[in-house]
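Undergrad: Pasted the sequence and its predicted model underneath.
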Amino acid sequence: MLKFPDHQVAGHQALRGQLGPQIDESGRFYKPLQQDERGSREAAFYNALLHSNTKVKKQILRFFPAYYGTQNIEASDGSGLHPHLVLQDVVSDYVKPCIIDIKIGSRTWYPQASEDYVAKCLRKDRGTTTVSLGFRISGLQIYQAENSGYWKPDRNQIHKFTVDDVRSVFRKLISSNQSVCNSDYGGIFPQLLELKSWFEDQTDFHFYSCSILLIYDGESENKGGNPHSMIKLIDFAHVFSGNDVIDHNFLGGLCSLIKFISDTPAIHSTKP
Ligand SMILES: Nc1ncnc2c1ncn2[C@@H]1O[C@H](COP(=O)(O)OP(=O)(O)OP(=O)(O)O)[C@@H](O)[C@H]1O
Ligand SMILES: O=P(O)(O)O[C@@H]1[C@H](O)[C@H](O)[C@@H](OP(=O)(O)O)[C@H](OP(=O)(O)O)[C@H]1O
């Protein structure tokens, strides 16, 4: 039985008859394949990842959703059968998933793109923290408490986020979550550093407009036995061959994110 995701924070949503992702009860996330080259690029990347035990080390694979191929299922907009990527639902094990979708890179357009597409991306990049920080928040939900539930700003609010707003998001995250409230942010920090070391070396892929999901559980004990906090890379509609050059756009954005988070003191950190 398919349903609309309860915890989707960004991207195209299956609301008001739109085409968007669906989930099932077994922890699968069905992302509709976008009609043009975006869909084929994303499927090609997941296939490359699946069969790339040489290129991508096993411990790096855990930073990507598990991939189960593509499947034709009833589209959420009622248009009939449509091919979908079948992925691991990376938040299904969390009782109160706190999620930040962070689009990485100081530019979201790629060299091969059309002038119109570059102009569209540049407008968004300049109007958000993409250019100033090397990343931008695309969506988030932070569980605050039983009575107040989730803080989940809408897309228009998110688009207006300044650097200070981004800093206050991380402060809110730290203050709202016991497992995060320590010097390595509940285990997020070591994962970001491990991902950074991979990006300092890998030259097979360039990831444009790709997001890192920071995921924590707003409940102290989550049901799946997963660690309290995970990072997951998603949205590979604009992944291209690296042509034996490191992905300096993504790496630069990731380094900036790591620095930014480390400069946002946890409540009990010893930082002055
Ligand atoms: N594997 C997954 N498991 C759980 N949630 C996911 C998964 N992949 C994506 N999501 C949710 O869906 C949102 C959008 O994902 P994604 O960026 O892949 O969609 P999109 O429509 O391509 O977005 P964009 O408009 O940025 O291209 C994410 O912010 C996250 O909340
Ligand atoms: O590059 P693509 O494949 O066209 O995908 C777009 C890209 O992910 C943008 O980041 C997103 O704008 P936001 O970052 O503002 O969500 C836009 O949403 P939109 O189509 O609603 O503008 C997407 O269409």
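TA: Ah, there it is. Ligands and ions are numbered 1, 2, ... in the order given.
Undergrad: For the stretch 101-250 of the chain, which residues are neighbours of ligand 2?
TA: Proximity of the stretch 101-250 of the chain to ligand 2, by C-beta under 6 Å from any ligand atom, involves residues 108, 124, 138, 209, 237. Every residue, glycine included, has its C-beta placed from N, CA and C.
Undergrad: can you pick the most crowded of the residues you listed?
TA: residue 108 (24 neighbours; other C-beta atoms under 10 Å).
Undergrad: quick one on the thing from earlier: switch the residues of the stretch 101-250 of the chain next to ligand 2 over to TSV; also include pLDDT and secondary structure.
TA: Output for those, formatted as TSV (pLDDT from 0 to 100; DSSP: H, G, I helix; E, B strand; the rest coil):
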residue	pLDDT	secondary structure
108	98	coil
124	97	helix
138	98	strand
209	98	coil
237	97	coil
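Undergrad: Next, give me the two most distant ones among those.
TA: Farthest apart among these by C-beta to C-beta are 124 and 237. That separation is 15.1 Å.
Undergrad: List the neighbouring strands of the helix or strand in which residue 137 is found plus their orientation.
TA: Element membership for residue 137, per DSSP states H and E: strand 135-145. Paired with strand 135-145 in the same sheet, following DSSP bridges, are strand 97-104 (antiparallel), strand 149-151 (antiparallel).
Undergrad: And the residue of the protein closest to ligand 1?
TA: Residue of the chain nearest ligand 1, by C-beta to the nearest ligand atom: residue 11 (2.6 Å).
Undergrad: I'd assumed residue 155 was in contact with that residue.
TA: No: with contact defined as C-beta atoms under 8 Å, residue 11 does not count as touching residue 155 (10.0 Å).
Undergrad: who has more neighbours, these two?
TA: Legend: neighbour count by other C-beta under 10 Å for residue 11 and residue 155, higher for residue 11 (15 against 11).
Undergrad: Skipping its backbone neighbours, what lies nearest the more buried one in space?
TA: residue 235 (7.0 Å; C-beta to C-beta, 6 or more residues apart in numbering).
Undergrad: sorry, back to before: give me the common contacts of residue 11 and residue 155.
TA: Contact criterion C-beta atoms under 8 Å, 6 or more residues apart in numbering; residues shared by residue 11 and residue 155: residue 139.
Undergrad: quick one: contacts for residue 204?
TA: 52, 55-56, 241-242.
Undergrad: Which residues of the stretch 51-200 of the chain lie near ligand 1?
TA: 65, 87-91, 99, 101, 138-139.
Undergrad: what about the strands in this structure?
TA: 22-23, 28-32, 67-74, 81-88, 97-104, 135-145, 149-151, 205-207, 211-217, 229-234, 239-241 (DSSP state E).
Undergrad: Check which helices and strands the first one sits against.
TA: What that stands for is strand 22-23. strand 28-32 (3 or more C-beta pairs under 8 Å, 6 or more residues apart in numbering; DSSP states H and E).
Undergrad: Which other helices and strands does the strand it packs on contact?
TA: Short answer (3+ C-beta pairs under 8 Å, 6+ apart): strand 28-32 packs on strand 22-23, strand 67-74, strand 81-88.
Undergrad: Many thanks, we can stop here.
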